[in-house]
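# Sequence unavailable; structure follows:
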Ligand SMILES: NC(=O)C1=CN([C@@H]2O[C@H](COP(=O)(O)OP(=O)(O)OC[C@H]3O[C@@H](n4cnc5c(N)ncnc54)[C@H](OP(=O)(O)O)[C@@H]3O)[C@@H](O)[C@H]2O)C=CC1
Ligand SMILES: O=C1O[C@H](COP(=O)(O)O)[C@@H](O)[C@H](O)[C@H]1O
């Protein structure tokens, strides 16, 4: 286990939603599980005025860990401090630096600082610049790291500009771009499933795989983030980042080792091999966007997207995106990938489904079952892996049933699965960037996404409505044509039908 050195974590945007809902609870859990170093403090920074005490109370309240033992909460709270930046971020950095130096000395943080940028992205570069003006990027005494929240850019050009901007002040090795999907245990398990088992990797190619399907569904709507989401949409919000990272892990070639740069090099090659979609006919046929409409769910009326707070009533922003694409390399030639993401679906579920080809020669009369060989990697909830395969029904003749071979993380008993932000924060504290996206990976993902977004700007590109609570617009079924159809999974993988009897 790498050592976690003494350090100071500065969170910019500490009065915001992410800090209270994700970052502080993750730090609290790390503290409880004894992962924090002996000397560790957090300095929250934002424009709003708060005392240390007010900050501690606010995050404790919003982080919902108040039901925990008081002794723990109190001891953890003593590690939290707050500094306000008055009206603007580009003034008062001198005072901020003085506070940092003071905490560093008193709490023996050894000049090791992480700066977590949890503000609107428009401020990322300015913060990096202001830190540099105070010498806070200088690694002669202690290391300095910069964690950058999503969204990382709005397009390829803006992502490049942001990379260039940050590289003016921090080296790439100091920059940690968060993609919280990479912090999920089940996402990391894709690498283990593929590269620690001799049963899967030999089949992991066009000879045995028919198609690959990825579903990321949320039952919730845009909630309080309408202002952000309306400028972003599902493709930018989920597909360009989280889902293309999943694709990269599925598509990549075996890395030489588990070294972060080896893995990131292979992911980059995978992202570069996605076939660019530039032909308008292909874009029209192979991309679908939709927007949820109001409907009744469990007897209650649910708002349509255009009725949501801070959303333009004439918005054409997509809350559903589905894309069919191909990967132009030796391993994946002609294997279609179907990826969809949406809000207001029937349930919250993310899974990758590897659909295997039928055996080359069928000896059983009814061979449909063979089409059903699937490996389902359940990212969330009910995290696990399910392999569907044909088994013989006991008795005369050959009746084939679909059997399930499964593994559930919940079966591991008490062993705690780290929440994504816990894992990612701990990794950054230890200087491990494996689960963070590198500049070139982010740009490669934008290079693939940009033409879709550009096509969607054209008046020809349709936005299909779908009632909140269904599996997206009907039109999306045409995308996954022929013998394929979307697997619309239930919330619990364990409830997945284990057999269906077929007469042979
Ligand atoms: N919330 C979430 O679930 C997720 C958030 N993110 C990303 O995390 C970052 C923070 O998000 P979130 O906490 O939700 O955002 P909030 O709007 O809740 O918080 C933004 C923070 O930045 C500060 N801020 C500084 N300058 C400005 C400004 N000009 N306008 C608005 N706020 C400012 C705010 O405090 P003050 O006004 O006091 O300065 C506040 O602390 C963003 O990059 C977001 O995309 C990513 C994934 C999920
Ligand atoms: O980054 C984001 O992710 C969440 C979904 O995260 P999950 O871990 O709950 O699957 C999504 O709701 C949000 O819109 C997006 O910005």
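Alright, I've got the coordinates. Given the structure is predicted, the values throughout are model-derived calculations rather than measurements. Ligands and ions are numbered 1, 2, ... in the order given.

# how close does residue 182 sit to residue 41?
Relative to residue 41, residue 182 is positioned 27 Å away (C-beta to C-beta, to the nearest Å). Every C-beta, even on glycine, is put in place using the N, C-alpha and C of the backbone.

# residue contacts, the residue of the stretch 251-400 of the chain found nearest ligand 1?
Across the stretch 251-400 of the chain, the shortest distance to ligand 1 (C-beta to the nearest ligand atom) belongs to residue 310, at 11.3 Å. Residue 310 is in contact with 226, 227, 230, counting by C-beta atoms under 8 Å, 6 or more residues apart in numbering.

# where does the first one land on pLDDT?
Here, the pLDDT recorded for residue 226 equals 94.

# For it, which non-adjacent residue is closest in space?
residue 310 (3.7 Å; C-beta to C-beta, 6 or more residues apart in numbering).

# helix/strand/coil for the one you found?
Classification of residue 310 by DSSP: H, G, I helix; E, B strand; the rest coil places it in coil.

# Dihedrals phi and psi, it?
When read as degrees, to the nearest 10, the backbone of residue 310 gives phi 70, psi 20.

# how close does the closest residue to ligand 2 within the stretch 201-350 of the chain get to residue 201?
Using C-beta to the nearest ligand atom, residue 237 is the residue of the stretch 201-350 of the chain that sits closest to ligand 2, at 4.7 Å. From residue 237 across to residue 201, the span is 32 Å (C-beta to C-beta).

# Neighbour count: these two, which is higher?
residue 237 (23 against 13; other C-beta atoms under 10 Å).

# pretty sure the more buried one contacts residue 151?
Yes: under the criterion of C-beta atoms under 8 Å, residue 237 is in contact with residue 151, at a separation of 7.4 Å.

# How confident was the prediction at residue 36?
95.

# Residue 7 is in contact with that one, correct?
No: judged on C-beta under 8 Å, residue 36 makes no contact with residue 7 at a distance of 9.2 Å.

# Mutual contacts of these two, please.
By C-beta under 8 Å, 6+ apart, residue 36 and residue 7 have no common neighbours.

# which residues pair with residue 214 across the strands?
Taking DSSP bridges as the rule, residue 214 bridges to residue 339, residue 352.

# dump the residue contacts of the closest residue to residue 326 other than its chain neighbours.
The shortest distance from residue 326 to any non-neighbouring residue, by C-beta to C-beta, 6+ apart, is to residue 275 (4.6 Å). When contacts are counted by C-beta under 8 Å, 6+ apart, residue 275 touches 325, 326, 327, 328.

# Give me the pLDDT value at the residue of the stretch 251-400 of the chain closest to ligand 1.
For residue 310, pLDDT reads 97.

# Which elements pack onto the least confident helix or strand in the chain by mean pLDDT?
Lowest mean confidence among the helices and strands of the chain (mean pLDDT, DSSP states H and E): helix 70-77, at a mean of 82. Here helix 70-77 touches helix 24-32, helix 52-63, going by 3 or more C-beta pairs under 8 Å, 6 or more residues apart in numbering; DSSP states H and E.

# what are the ranges of the strands in the stretch 1-150 of the chain?
All strands of the stretch 1-150 of the chain, identified by DSSP state E, counting those that start in this stretch, fall at 7-12, 40-46, 80-84, 113-117, 144-148.

# Need those strands in a markdown table (columns: mean neighbour count and mean pLDDT).
Listed next are those as a markdown table, based on neighbours: other C-beta atoms under 10 Å; pLDDT from 0 to 100:
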| stretch | mean neighbour count | mean pLDDT |
| --- | --- | --- |
| strand 7-12 | 25 | 98 |
| strand 40-46 | 24 | 96 |
| strand 80-84 | 22 | 95 |
| strand 113-117 | 23 | 98 |
| strand 144-148 | 23 | 98 |
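
# Contact distance from ligand 2 - what residues of the stretch 151-300 of the chain qualify?
Neighbours of ligand 2 within the stretch 151-300 of the chain, by C-beta under 6 Å from any ligand atom: 180, 218, 237, 238.

# pretty sure the last one is touching residue 214, no?
No: taking contact to mean C-beta under 8 Å, the distance of 10.5 Å between residue 238 and residue 214 leaves them out of contact.

# Can you tell me which residues in the stretch 201-350 of the chain are near ligand 1?
By the rule C-beta under 6 Å from any ligand atom, no part of the stretch 201-350 of the chain lies against ligand 1.

# Show me the shaky parts of the stretch 201-350 of the chain.
For the stretch 201-350 of the chain, no stretch is flagged by pLDDT under 70.

# Tell me the secondary structure at whichever residue of the stretch 301-450 of the chain sits closest to ligand 1.
Scanning the stretch 301-450 of the chain for the residue nearest ligand 1 gives residue 421, at 9.8 Å (criterion: C-beta to the nearest ligand atom). Secondary structure, three-state DSSP: residue 421 is helix.

# burial of it, as a residue count?
21.

# just checking, it touches residue 23?
Yes: here residue 421 lies in contact with residue 23, judged by C-beta under 8 Å, at a distance of 6.3 Å.

# shared neighbours, those two?
Counting by C-beta under 8 Å, 6+ apart, residue 421 and residue 23 have no contacts in common.

# just so I know, which of the helices and strands packed on helix 70-77 lies nearest ligand 2?
helix 24-32 (12.7 Å).

# So what angle separates the directions of that closest one and strand 80-84?
Counting by axes from the mean of the first three to the mean of the last three C-alpha atoms, to 10 degrees, helix 24-32 lies at 150 degrees to strand 80-84.

# angle of helix 24-32 against helix 52-63?
Going by the same axes, to 10 degrees, helix 24-32 makes 100 degrees with helix 52-63.

# Mind giving me the packing neighbours of helix 24-32?
helix 52-63, helix 70-77, helix 420-429.
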